[in-house]
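3D, please:
(chains A and B)
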Amino acid sequence: KNQVEQSPQSLIILEGKNCTLQCNYTVSPFSNLRWYKQDTGRGPVSLTIMTFSENTKSNGRYTATLDADTKQSSLHITASQLSDSASYICVVRGYQKVTFGTGTKLQVIP
Amino acid sequence: DTGVSQDPRHKITKRGQNVTFRCDPISEHNRLYWYRQTLGQGPEFLTYFQNEAQLEKSRLLSDRFSAERPKGSFSTLEIQRTEQGDSAMYLCASSPTGGGHGELFFGEGSRLTVL
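Below is the predicted model:
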């Protein structure tokens, strides 16, 4: 069964600190992996996409990594800001199926 | 184009009533998806259209749920005889055929509360 598991479920960090969110998946065959940011009460917005051949990709203060051998991805947020408070959802696309993780709820406090 | 739009953003209804949500996708996108999301969970797939054809329906989509995309543009999701368990955020997403590695562009969602 295709699954996407994220950890931690929730996280509270101080403004300016870094954090790393984890995503483990069992989706096969694998096409790509995206990290989405979902602000409370809003729709998810794509942050990064990782394909099989990519190990690291950055988008501003967000850096995603992918290890296709161990089927793990991480999203690293540098110098967090209050506006980073949101849920971060890992989404893995297989051949024709998309599987969503349950998300990590991040709260950045002053 | 301002992206995917959904209407209404919020709907409060009494149990047993029917509700309808509308989604206008990004104009050049052929694919349109409906998802349901409850608090603390990721989106759950409901159904998917390519142009006007409904190609896939989840088992979550009971016979009280029906979705249409009559002209391959906007879509509606109707829930008949609503139940309290239907309370959720209903998300619509669209994507272009073949391009963008399947990126889903989501609307802001329609939040349903069934009393």
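
Show me the residue at the heart of chain B, geometrically.
For chain B, residue B:34 is the residue whose C-alpha lies nearest the centre (CA atoms, centre = their mean; 3.1 Å).

for that one, which residues make a bridge with it?
For residue B:34, the beta-bridge partners are residue B:47, residue B:92 (DSSP bridges).

ok, so what distance separates it from residue B:56?
For residue B:34, the distance to residue B:56 equals 11 Å [CB to CB, to the nearest Å]. Where you see a C-beta, it was placed from the backbone N, CA and C, and this is true even at glycine.

sorry, back to before: so what's the residue nearest to the centre of chain B up against?
Each residue near residue B:34 by CB atoms under 8 Å, 6 or more residues apart in numbering or on different chains is listed here: B:23, B:46, B:47, B:48, B:67, B:75, B:77, B:90, B:91, B:92.

Closest one of those to residue A:27?
The closest of the contacts of residue B:34 to residue A:27 turns out to be residue B:48 (CB to CB; 17.3 Å).

which residues does residue B:114 bridge with?
Here residue B:114, judged by DSSP bridges, has bridge partners residue B:13.

residues shared between the contacts of residue B:34 and residue B:56?
With CB under 8 Å, 6+ apart, residue B:34 and residue B:56 have common neighbours B:47, B:48.

Tell me which helix or strand the closest residue to residue A:48 other than its chain neighbours sits in.
Distances taken as CB to CB, 6 or more residues apart in numbering or on different chains place residue A:64 nearest to residue A:48, at 4.3 Å, with adjacent residues excluded. Assessed by DSSP states H and E, residue A:64 sits inside strand A:62-67.

quick one, what contacts the nearest residue to residue A:68 once chain neighbours are set aside?
In space, and not counting its chain neighbours, residue A:68 is closest to residue A:52: 5.3 Å by CB to CB, 6+ apart. When contacts are counted by CB under 8 Å, 6+ apart, residue A:52 touches A:30, A:31, A:32, A:68.

still on that earlier bit, my guess is the residue nearest to residue A:48 contacts residue A:47. True?
Yes: look at residue A:64 against residue A:47 with CB atoms under 8 Å: they come within range, at 7.4 Å.

who touches both of the two?
With CB under 8 Å, 6+ apart as the test, residue A:64 and residue A:47 both reach A:35, A:75.

Looking at the two, which is more packed in?
Ranked by neighbour count (other CB atoms under 10 Å in any protein chain shown), residue A:64 and residue A:47 place residue A:64 first, with 24 against 18.

follow-up on the earlier one: make TSV from the contacts of residue A:52 and add distance to residue B:19, neighbour count and secondary structure to it.
What follows is the contacts of residue A:52, written out as TSV (distance: CB to CB, whole Å; neighbours: other CB atoms under 10 Å in any protein chain shown; DSSP: H, G, I helix; E, B strand; the rest coil):
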residue	distance to residue B:19	neighbour count	secondary structure
A:30	37	19	coil
A:31	35	16	coil
A:32	34	18	strand
A:68	42	16	coil
